[in-house]
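Enquirer: can't give you the sequence, but here's the structure:
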Ligand SMILES: [Zn+2]
């Protein structure tokens, strides 16, 4: 029996144990450090952004291609979408002020307080790849996730 597209999508997502944790995409990662999910539309292969896919799936609200989707946690491979803006880690640009406000109040920063989206592209890509590797190889290990986000050498013996 073939898996549905949605099943295939969620098979690439690892959710943290706490309600406000990130949900990390562990599938393909593009050369900008954000995820990539391959689907077929009208018989043709097409790449979509996992965070946009998750947002539309979870909220049922279609996103026009012109609408930016922003991360309040600022981790490019996070796909934690929720219809409740206070819970969701991603939201359309129209909610930007709300999201920035939340970030500034520190309610919703990622635990390291990092702004990965602002890093130079090559570094951002490497952080996303390292984070994915950690999740795939070790599951949800907060200390390894922190190390990957901070860019600490993952083979450092202190971490194991
Ligand atoms: Zn997140």
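Expert: Nice, thanks for sending it over. What you see is a predicted model; the values in this text were computed from it and never measured.
Enquirer: Kindly tell me how buried the spatially closest residue to residue 32 that is not a sequence neighbour is, as a neighbour count.
Expert: Nearest non-adjacent residue to residue 32, counting by C-beta to C-beta, 6 or more residues apart in numbering: residue 121, 6.1 Å away. All C-beta spots, glycine's among them, are computed from the backbone N, C-alpha and C. If you count neighbours by other C-beta atoms under 10 Å, residue 121 ends up with 10.
Enquirer: separation between residue 121 and residue 37?
Expert: Residue 121 sits 20 Å away from residue 37, going by C-beta to C-beta, to the nearest Å.
Enquirer: Which SSE is immediately downstream of the host helix or strand of residue 56?
Expert: Element membership for residue 56 (DSSP states H and E) is helix 50-59. Helices and strands here follow DSSP H and E; after helix 50-59, the next one along the chain is strand 69-71.
Enquirer: helices or strands up against that following strand?
Expert: helix 50-59, strand 90-92 (3 or more C-beta pairs under 8 Å, 6 or more residues apart in numbering; DSSP states H and E).
Enquirer: what comes up buried for that strand?
Expert: Across strand 69-71, burial judged by 16 or more other C-beta atoms under 10 Å covers 69-71.
Enquirer: State the mean pLDDT of the lengthiest strand in the chain.
Expert: When the chain is parsed with DSSP state E, its longest strand is strand 35-41. Averaging pLDDT along strand 35-41 gives 96.
Enquirer: tell me what it is packed against?
Expert: Checking 3+ C-beta pairs under 8 Å, 6+ apart, strand 35-41 ends up next to strand 28-29, strand 44-48, helix 50-59.
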